[in-house]
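S.K.: Got a predicted structure here, sequence first:
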Amino acid sequence: MKIIFVCTGNTCRSPIAESIATALLPNDSIQSRGLFAMNGQSITPEALEVILENNLLEPSVSQIFSQDDLKSDLILTMTNSHKRQLISQFGTEYPIYTLCEYVSETCLLYTSPSPRDS
């Protein structure tokens with residue numbers, strides 16, 4: 001199964017999710033992307049610290065979400081606004097869910113530095 005986690009810049013939330021999922025699902029293809037990522041950018045020092053403290057594999061460098069990513073079996077976004085943006089851009093025929101929606105959990109609202117990211 002190919003799973004992609006999506007956030008804004010692909011430097012913090014989605015790379016951490018990628019690292020956790022890679023540890024839990026070693027036989028699946030796990031990747032992360034950002035809606036406004038700068039290709040090749042490293043993850044934040046804080047995200048790297050969390051990953052290393054938990055003995056997780058370091059994720060790849062940031063990549064922007066592209067049309068090729070729609071071939072994934074599952075696309076999990078970090079927020080509702082990420083999901084809305086993908087659906088607005090690519091349509092509803094793809095397996096796009098928020099992470100909380102997919103696991104049937106009510107999640108706390110993440111307060112992002114960007115007002116567009118709620």
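M.R.: Yep, that arrived.
S.K.: what number of residues lie near residue 86?
M.R.: Close neighbours of residue 86, defined as other C-beta atoms under 10 Å, add up to 21. Glycine gets a C-beta too; all of them are placed from N, C-alpha and C.
S.K.: brain fart, residue 61
M.R.: 15.
S.K.: Quick check: the gap between it and residue 82.
M.R.: The gap separating residue 61 from residue 82 is 19 Å, by C-beta to C-beta, to the nearest Å.
S.K.: Can you show me the helices along the protein?
M.R.: 13-24, 45-53, 80-90, 99-102 (DSSP state H).
S.K.: distance between the shortest one and the chain's centre?
M.R.: Mean C-alpha position of helix 99-102 versus that of the full chain (C-alpha atoms, centre = their mean, to the nearest Å) differs by 12 Å.
S.K.: Now do that helix: which elements does it pack against?
M.R.: If you count contacts as 3 or more C-beta pairs under 8 Å, 6 or more residues apart in numbering; DSSP states H and E, helix 99-102 packs onto strand 74-77.
S.K.: and the strand it packs on, how far out from the chain's middle?
M.R.: That offset, for strand 74-77, works out to 7 Å (C-alpha atoms, centre = their mean).
S.K.: Equivalent analysis for stretch 63-80, please.
M.R.: Using C-alpha atoms, centre = their mean, the offset of stretch 63-80 from its chain centre is 8 Å.
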